[in-house]
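S.K.: missing the sequence, but the structure's below:
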């Protein structure tokens, strides 16, 4: 049900403040901008991380950090995506705080902060799920995003 624009508080009429996906609610710029083609290519390349050199992985992680810091003034805790290496692997993660790319088997538990993104990451609707302390941002293959508010 929509929130009323005008409410009565202490006998006075006042405008109610609508909460939107604004910079104030995210602690920085809105995290809903379309993701760049470079970012999308990099996320798709995570499955090949076993074939990437340490330098290539560091360049990838630095590029992601730089893009998020410049565009959104925040960096996700991690990124979870469906793994295409085949059985028994289900998802892979990129933990940007520790620069770790790891592939997880079906049923193998992810770090606590990332586990909540697993079900969305294996959905064909999303290329990847960015995990933030207060929300999940689901990234579609075309770079558009869907913001899911976290639990308060």
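M.R.: Structure received. These numbers were taken from a predicted model, which means no experiment stands behind them. Numbers count the residues shown, from 1 in each chain.
S.K.: Only C-alpha atoms from now on, for both contacts and neighbour counts.
M.R.: Fine.
S.K.: Show me which helix or strand of this protein is least confident by mean pLDDT.
M.R.: Lowest by mean pLDDT, DSSP states H and E among the helices and strands of the chain is helix 23-26, with a mean of 38.
S.K.: Following it in sequence, what is the next regular element?
M.R.: helix 37-44 (DSSP states H and E).
S.K.: That next one: which residues count as buried?
M.R.: Across helix 37-44, burial judged by 16 or more other CA atoms under 10 Å covers 39, 40, 42, 43, 44.
S.K.: Mind listing residues that contact that helix?
M.R.: When contacts are defined by CA atoms under 8 Å, 6 or more residues apart in numbering, helix 37-44 is touched by residues 60, 64, 81, 127, 128, 141, 143.
S.K.: Helix, strand or coil: sort out the spatially most central residue of the chain for me.
M.R.: For the chain, residue 130 is the residue whose C-alpha lies nearest the centre (CA atoms, centre = their mean; 1.2 Å). Following DSSP: H, G, I helix; E, B strand; the rest coil, residue 130 is assigned to strand.
S.K.: Check the secondary structure at the closest residue to it other than its chain neighbours for me.
M.R.: Nearest non-adjacent residue to residue 130, counting by CA to CA, 6 or more residues apart in numbering: residue 79, 4.5 Å away. Per three-state DSSP, the local secondary structure of residue 79 is strand.
S.K.: residues near residue 79, how many?
M.R.: For residue 79, the tally of surrounding residues (other CA atoms under 10 Å) stands at 23.
S.K.: For it, list the residues it contacts.
M.R.: Contacts for residue 79 (CA under 8 Å, 6+ apart) come out as 93, 94, 95, 96, 114, 128, 129, 130, 131.
S.K.: hmm, which two among these are most spread apart?
M.R.: Maximum pairwise distance in these, criterion CA to CA, is 14.0 Å, between 96 and 128.
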